[in-house]
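>>> Just need the structure, nothing else, for what follows:
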Amino acid sequence: MDHLVRPLLSQAKTDSICQQLSATDLPWLDGKLTAGEQAASVKKNHQLDPESPLANQVAHTVSEALKADALIRSFALIRKVHSVLISCSALGDGYGWHVDNPFSRYGRRDLSFTVFLSDKSSYQGGILQLQTGQNGEEFRCSAGEVVVYPSTCLHCVSPVTEGTRYACVGWIESYVKSAEDRALLFSLDAGARGLLAKHGRSDELDLMFQAYSNAVRRLSN
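Okay, here's the model as predicted:
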């Protein structure tokens, strides 16, 4: 599995965030300021000043929710969540095909995430597209859902054709740098937990969990 889609924030939480983001006096900045040289040429949106109180509040909420979700923790093996940004895409805004920079000043970018904040009925367009192998994936998720994917893959956001799209984006530095290694560990963990839920604890299952834990130790960076 190369990406994960999960419900992350409640409807009440996303409604509250979007209501606050619609205020007229917020410090929105040109999104190009946080893009690399190549990505900036295809980026058209605005981002809330990351030093503002609301940006810090939303970033904290999202970061804590990611770290509290057991499936996301297993998938991403989170060392830290960092560089969280709040984006606003109005009519005509979008972000062409690009790949994220491997590092920010806050850490390595192993996985990227997008939390959809706006209700799908409030805008059109704004589809997150991932180029994964020979097949592309498209996401126009419900408010509160998150898509977590490797930062190494090409991705884009199609232009918004109606309304306003709010989203929270950021990056995860994983304990395991290799996406292939993370996928193997995720499958092993999921299989072991599935057997535990179905059959209960056993000596053989203890060996599987031991193997998983030691594999994480061996593959961690």
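
>>> Find the residue at the geometric middle of this structure.
Centroid check for the chain by CA atoms, centre = their mean gives Phe113 as the closest residue, at 1.2 Å.

>>> Can I get the helix or strand hosting that one in PDB? Just the C-alpha atoms.
Using DSSP states H and E, Phe113 sits in strand 111-116. Provided in PDB are the C-alpha atoms of strand 111-116 (Å, rounded to 0.1, in the frame of the first residue of the first chain):
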ATOM      1  CA  LEU A 111       5.400  11.300   3.800                       C
ATOM      2  CA  SER A 112       3.100  14.100   2.800                       C
ATOM      3  CA  PHE A 113      -0.500  14.600   4.000                       C
ATOM      4  CA  THR A 114      -3.500  16.500   3.000                       C
ATOM      5  CA  VAL A 115      -6.400  17.000   5.400                       C
ATOM      6  CA  PHE A 116      -9.600  18.100   3.500                       C
END
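
>>> low-confidence ranges in the protein?
The model of the chain has pLDDT under 70 over residues 1.

>>> name the helices or strands packed onto the strand holding Phe113?
The helices and strands touching strand 111-116, judged by 3 or more CB pairs under 8 Å, 6 or more residues apart in numbering; DSSP states H and E, are strand 145-150, strand 165-174. Quick note: C-beta positions are derived from backbone N, CA and C, even for glycine.

>>> And the next helix or strand past it?
Using DSSP H and E, the helix or strand that follows strand 111-116 in sequence is strand 123-125.

>>> for this structure, which strand is longest?
Of all segments of type strand in the chain, defined using DSSP state E, the longest is strand 78-89.

>>> quick one: strands adjacent to the host helix or strand of Leu29?
Applying DSSP H and E as the criterion places Leu29 in strand 28-30. Counting by DSSP bridges, the strands paired with strand 28-30 are strand 46-48 (antiparallel).

>>> Just the buried positions in the strand it pairs with, please.
For strand 46-48, a neighbour-count test (16 or more other CB atoms under 10 Å) marks 46-48 as buried.
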